[in-house]
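> predicted model and sequence follow; I will ask about them next.
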2 protein chains.
Amino acid sequence: MPPIQTRASSTTDGSTAASVGLSTPVDLPPATLARLPVYLRELNLLSRTGVEVVSSGELAEAVGVSPAQLRKDLSHLGSYGTRGVGYDVAVLQAQLGREMGSAREWPVVIVGLGNLGRALAGYSGFSSRGFRIVALVDPDPELIGQRVNGIEINDLADLEDVVPRTGAAIAVLATPAEAAQAVADRLVHLGVTSILNFAASVLTVPERVTVRKVDLGQELQILAYHEQRKSDEPVLAGPPASGTGHPEPVLTPERFPS
Amino acid sequence: MPPIQTRASSTTDGSTAASVGLSTPVDLPPATLARLPVYLRELNLLSRTGVEVVSSGELAEAVGVSPAQLRKDLSHLGSYGTRGVGYDVAVLQAQLGREMGSAREWPVVIVGLGNLGRALAGYSGFSSRGFRIVALVDPDPELIGQRVNGIEINDLADLEDVVPRTGAAIAVLATPAEAAQAVADRLVHLGVTSILNFAASVLTVPERVTVRKVDLGQELQILAYHEQRKSDEPVLAGPPASGTGHPEPVLTPERFPS
DNA sequence: GCGTGTGAAACGATTCACAGCA
DNA sequence: TGCTGTGAATCGTTTCACACGC
């Protein structure tokens, strides 16, 4: 009797989750869940700017969704707004953070420290959102022992020591496509239950494991499709500042703002 | 009269596209479009392995979707299968490639060469799918003049020269969030009509421009939500090899296969 | 009055089930 | 017989519109 395995579906919002029974709060619709981090980020921004109250219209405008959708999304969490007024930024921020698990700090292991893996190891967007990179693993003797962002790269052969020691339940996979499934199998065996997969391959994992896939090449291909569409049907609407014309430099900051 | 601007919606599958009139083939549903690159990748793999025919069942299995969905997706492109047999790999590959614009080679400019930008500049998954990085741009004097993967980093101040010279219509944004909108404005002004945005910020662009956003922190947050769910409702189903137990190393390749 | 919270309607995507053809 | 192609049914998501309460 082979254990139940599920294919981690592809596109963003491919998430394979077990979640058998409903616990205290209800399960969020996937589409809503995918937007909550965006709301949370904007709320953090607002709160840092000293804003204390936002209406659904304002917040929706800031994150690029419709006010109705924002309200519907938030309504899944309960009623945290005040009619006629809006949402208290601090309250909503706290509630959203709690719901998303931003209260805890999550230890994360990264497997594969090629170009992409190294970039991810130093990515500030992880630490700023409650994730701590606790281990780096790669099989390349050239890399083992090197440090990235203060963390030493361990041998992939020692994965079975490293993961239990750090207690990571979330793993980032940045290996070549051919290696991804084998590594994932070992990670799952070690108790990892969430995997962010950057490898261009489909992972098969047990039901209880959640996988999200990010395929950068795929993203560009989708853009290429739209590009092709645009060049196929040339003019239709009026000329919109038309193409590569006039350099005419507007805006020329010398450095990115820190 | 301000020009029409649209908010690039957030999650993967946020794509803002104008596509006013329908050209020769019909417009693909976004959900289908997002899966086509996955099918294409698998077809390339199969063709390299010498497989000449696949059924919807086999291909679906390999990419992790249902056979019905695969057939429905492909049916949007026309009838390229043979009843009772399956699909000719070469034919389907060619058709899909043509549809996705893989026939052409797309020049791409990358703006922002921090950790992530540099990793993307060297990412093999881009070149292997028909994209050529033709320009790198950053405002940091430390970086300007350096070469990544054989390409020199140009000054952001020279963007108005670089983009027209290379003819890039697709841009990858890997700048800090605060800089993203300003850079996007300049890119759009230079005729760029597709942007892959890695910055954690919402872009506002004219209708004709397609934006896709990849937010790596957001992906991890979605995993954290699921993790939290799992730890909240502890046991329910039978113990599934239970957690961090027994190292018991299965599979220990010493190196990633190249 | 104003903006939230929410049923109901509209829309889109997925799954089902089978007719049609090699 | 076996697998494609596709209408019909189902399911999920978004939008609409308005009742409710500050």
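That came through fine.

> can you show me the helices along the stretch 51-200 of chain A?
Remark: helices assigned in the stretch 51-200 of chain A by DSSP state H, counting those that start in this stretch are A:56-63, A:67-75, A:89-100, A:115-121, A:124-127, A:159-166, A:177-189.

> and the average pLDDT for the longest one is what?
This points to helix A:177-189. For helix A:177-189, the mean pLDDT works out to 98.

> please pull out the lowest mean pLDDT helix or strand from chain A.
strand A:5-7 (a mean of 60; mean pLDDT, DSSP states H and E).

> how much does the helix or strand just after that one deviate in direction from helix A:67-75?
Per DSSP states H and E, strand A:5-7 leads on to helix A:30-49 as the next helix or strand towards the C-terminus. Calculated by axes from the mean of the first three to the mean of the last three C-alpha atoms, to 10 degrees, helix A:30-49 forms an angle of 90 degrees with helix A:67-75.

> run the chain-centre distance for the longest strand belonging to chain A.
When chain A is parsed with DSSP state E, its longest strand is strand A:131-138. Offset of strand A:131-138 from its chain centre (C-alpha atoms, centre = their mean, to the nearest Å): 16 Å.

> try stretch A:58-76
For stretch A:58-76, the distance to the chain centre is 20 Å (C-alpha atoms, centre = their mean).

> what residues of that stretch count as buried?
Going by neighbour count (16 or more other C-beta atoms under 10 Å in any protein chain shown), the buried part of stretch A:58-76 is A:58-65, A:69-71, A:73-74. No exception for glycine: its C-beta is placed from N, CA and C like everyone else's.

> how about the helix or strand hosting A:Glu219: buried residues?
A:Glu219 belongs to helix A:216-232 when assigned by DSSP H and E. Residues A:216-230 are the ones in helix A:216-232 that count as buried (16+ other C-beta under 10 Å).

> also stretch A:135-142?
In stretch A:135-142, counting by 16+ other C-beta under 10 Å, buried: A:135-140.

> and that stretch, average pLDDT?
Here the average pLDDT along stretch A:135-142 is 98.

> what of stretch A:96-114?
96.

> that one and chain B in contact?
Yes - applying C-beta under 8 Å from any C-beta of the partner chain, one finds stretch A:96-114 in contact with chain B at A:99-102, A:104, A:106, A:108, A:112.

> same check on stretch A:138-148?
Yes - judged by C-beta under 8 Å from any C-beta, stretch A:138-148 comes into contact with chain B at A:138-140.

> make CSV out of the residues you listed and add distance to DNA strand D.
Listed next are the residues of stretch A:138-148 next to chain B as CSV, based on distance: C-beta to the nearest atom of the strand, whole Å:
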residue, distance to DNA strand D
A:Asp138, 36
A:Pro139, 38
A:Asp140, 40
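
> what's the closest of these to A:Asn44?
A:Asp138 (32.9 Å; C-beta to C-beta).

> residue contacts, that closest one?
By C-beta atoms under 8 Å, 6 or more residues apart in numbering or on different chains, the residues touching A:Asp138 are A:111-114, A:117, A:144, A:153-156, B:256.

> just the ones in strands from these, please.
Among the contacts of A:Asp138, DSSP E puts A:111, A:153-155 in strands.

> tell me the one of those residues nearest B:Tyr87?
For these, the nearest to B:Tyr87 is A:Val111 (34.5 Å; C-beta to C-beta).

> the closest one bridge partners, please.
A:Val137, A:Leu173 (DSSP bridges).

> okay, now it: neighbour count?
Close neighbours of A:Val111, defined as other C-beta atoms under 10 Å in any protein chain shown, add up to 30.

> that one contacts A:Ala171, doesn't it?
Yes - under the criterion of C-beta atoms under 8 Å, A:Val111 makes contact with A:Ala171 at 6.3 Å.

> for stretch A:53-62, list the C-alpha coordinates in CSV.
These are the backbone C-alpha positions of stretch A:53-62, laid out as CSV (Å, rounded to 0.1, in the frame of the first residue of the first chain):
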residue,chain,number,x,y,z
VAL,A,53,-7.4,54.4,10.1
VAL,A,54,-8.0,53.3,6.5
SER,A,55,-11.1,52.7,4.5
SER,A,56,-11.5,49.7,2.3
GLY,A,57,-11.3,52.1,-0.7
GLU,A,58,-8.0,53.6,0.3
LEU,A,59,-6.4,50.3,1.2
ALA,A,60,-7.8,48.7,-2.0
GLU,A,61,-6.4,51.5,-4.1
ALA,A,62,-3.0,51.1,-2.5
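
> tell me the mean pLDDT over that stretch?
pLDDT averaged over stretch A:53-62 gives 98.

> any residue of it up close to DNA strand D?
No - judged by C-beta under 7 Å from any atom of the strand, stretch A:53-62 stays clear of DNA strand D, getting no closer than 9.4 Å.

> can you list contacts of that stretch?
A:39, A:42-43, A:46, A:66-71, A:74, A:81, A:85-89, A:92, B:7, B:202.

> what residues does chain A have near DNA strand D?
Going by C-beta under 7 Å from any atom of the strand, the residues of chain A near DNA strand D are A:29-32, A:65-66, A:68-69, A:71-72, A:82-85.

> farthest pair in these?
Top of the distance list for those (C-beta to C-beta): A:Pro30 and A:Gly84, 31.6 Å.

> just list the residues touching A:Ser79, thanks.
Contacts of A:Ser79 by C-beta under 8 Å, 6+ apart: none found.

> for B:Val134, see how far away the nearest residue to A:Leu43 once chain neighbours are set aside is.
Distances taken as C-beta to C-beta, 6 or more residues apart in numbering or on different chains place A:Gln93 nearest to A:Leu43, at 4.3 Å, with adjacent residues excluded. As for A:Gln93, its distance to B:Val134 is 42 Å (criterion: C-beta to C-beta, to the nearest Å).
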